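A.B. asks: sequence first, predicted model second:
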Amino acid sequence: AEPVLEIKNLNVDYGLGDQAVRAVRDVSLTLHRGEVLGLAGESGSGKSTLAYGLTRLLPPPGVITGGEVIYHPEKGDAYDVLGLSDKGLRDFRWAETAIVFQGAMNSLNPVHKISTQLTDVLAAHEPKMSAHSRTARAREMLKLVGISADRMDAYPHQLSGGMRQRVMIGMALILQPQVVIMDEPTTALDVVMQRQILGQLIELRERLGFSVIFITHDLSLLVEFSNRIAIMYGGRIVEEAQAATLYKDSLHPYSAGLLGSFPALRGPRRELTGIPGSPPDLKGMPSGCSFHPRCPKAFDPCADTIPILGHPETPDGSVRTVACWLHPASASLKEPVS
Ligand code: ATP
Ligand code: SF4
Ligand code: MG
């Protein structure tokens with residue numbers, strides 16, 4: 001499939017000068033048309049920073065310090081999102097790429113009916129649309145996300161958390177964007193509800209044809225629902241593969257650790273092992289492979305030299321990358337690291 005979003009060598013820092021810490025390190029990732037790309041990693045691995053960076057919604061003191069984010073609209077020429085003017089950005093967000101934030105269900109305006117919040121998005125982006133058509137589109141969108149017409153005039157507090165989350169998805173989809181990024185608040189919604197919402201998003205994707213980046217701690221959800229999975233650790237992508245491949249045959253010890261943290265979906269039971277230790281502190285990243293202090297397979301080169309993503313061959317030619325010294329395809333980082 002064609003690419004819709006190509007992230008190339010993206011770096012994101014928090015703070016400036018001596019105080020700066022790098023939260024996203026040299027991330028390259030391609031989202032293809034129609035696909036669901038899952039992004040997993042423990043808390044603090046940089047998932048949200050990556051999502052905010054690529055949509056240019058980073059709160060201060062976040063700064064993008066390098067890279068490109070090439071967007072391919074359905075019609076017209078590709079462009080770098082990082083080079084957009086404020087006006088360009090306003091059109092890009094919502095209309096081309098929409099993001100549903102971590103905690104989004106609490107970001108609805110409490111004093112407006114949900115229908116009004118949807119029609120306001122239309123009014124801002126499609127000023128020529130009649131009020132009647134806006135209302136009709138809002139109703140249709142809410143129906144698509146499973147909220148019936150008689151709830152259109154409800155206020156956010158009259159809806160459950162799951163329903164509010166669905167309203168946010170409806171709002172994200174109302175301008176028919178090509179890309180929807182969902183940064184799932186694992187803590188705010190229970191697993192059953194997360195699963196329902198993701199299942200529904202994927203059903204909508206089949207009907208409306210957008211692509212999805214889904215961010216979660218819960219790798220089991222991704223194995224079930226996504227086409228491809230990228231795993232982040234310490235701000236870097238450490239492995240990327242087709243979901244089934246990653247589940248059956250992960251190459252990076254960190255991925256194996258994350259997979260060992262949930263029960264097998266089917267087949268023989270896995271031993272639940274989890275990962276000992278805790279994620280690295282950005283202020284004092286370990287030398288070499290940043291996972292080495294926690295890695296059960298660490299050996300000679302690991303503490304000295306940073307492995308960067310290599311591309312092992314796959315039988316079907318699908319994209320597969322891994323950054324680990326156990327795999328000959330991984331290369332060493334040549335530039336000095338900050
Ligand atoms: P979670 O799963 O908990 O949402 P995450 O993978 O989304 O985690 P980020 O929120 O992107 O992780 O954070 C990445 C790193 O950047 C963390 O080490 C975090 O402490 C740091 N960070 C995030 N926001 C800021 C900030 N405003 N100032 C300084 N550091 C920050
Ligand atoms: Fe473990 Fe070494 Fe691979 Fe890092 S490079 S994941 S420390 S084996
Ligand atoms: Mg996050």
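C.D. replies: Arrived safely. Since we're looking at a predicted model, the values are computed, not measured. Ligands and ions are numbered 1, 2, ... in the order given.

A.B. asks: CA atoms for contacts and neighbours, from now on please.
C.D. replies: OK.

A.B. asks: check which helix or strand covers residue 274.
C.D. replies: Element membership of residue 274 [criterion: DSSP states H and E] is none; it lies in no helix or strand.

A.B. asks: should've said residue 124
C.D. replies: Using DSSP H and E, residue 124 falls in helix 114-125.

A.B. asks: tell me where this protein has helices.
C.D. replies: Shown for the chain, the helices assigned by DSSP state H span residues 47-54, 86-92, 114-125, 131-144, 161-173, 191-208, 219-225, 243-248, 253-259.

A.B. asks: residues of the chain that sit close to ligand 2?
C.D. replies: With the criterion set to CA under 6 Å from any ligand atom, the chain comes near ligand 2 through 252-253, 289, 291-292, 295, 297-299, 302, 324-326.

A.B. asks: circling back: the helix holding residue 124: how far from the chain's middle?
C.D. replies: Distance, stretch centre to chain centre, for helix 114-125: 25 Å (CA atoms, centre = their mean, to the nearest Å).

A.B. asks: repeat that for stretch 22-40.
C.D. replies: 7 Å.

A.B. asks: mind checking how far residue 106 is from residue 163?
C.D. replies: The gap separating residue 106 from residue 163 is 11 Å, by CA to CA, to the nearest Å.

A.B. asks: narrow the residues of the chain next to ligand 2 to just the buried residues.
C.D. replies: For the residues of the chain next to ligand 2, a burial check counting by 16 or more other CA atoms under 10 Å picks out 252, 253, 289, 291, 292, 295, 298, 302, 324, 325, 326.

A.B. asks: looking at these, which one is closest to residue 129?
C.D. replies: Nearest to residue 129 out of those is residue 252 (CA to CA; 50.5 Å).

A.B. asks: who are the contact partners of that closest one?
C.D. replies: Counting by CA atoms under 8 Å, 6 or more residues apart in numbering, residue 252 touches 238, 239, 322, 323, 324.

A.B. asks: low-confidence ranges, the protein, go.
C.D. replies: For the chain, the stretches flagged by pLDDT under 70 are 102-105, 185-190, 262-273, 332-338.
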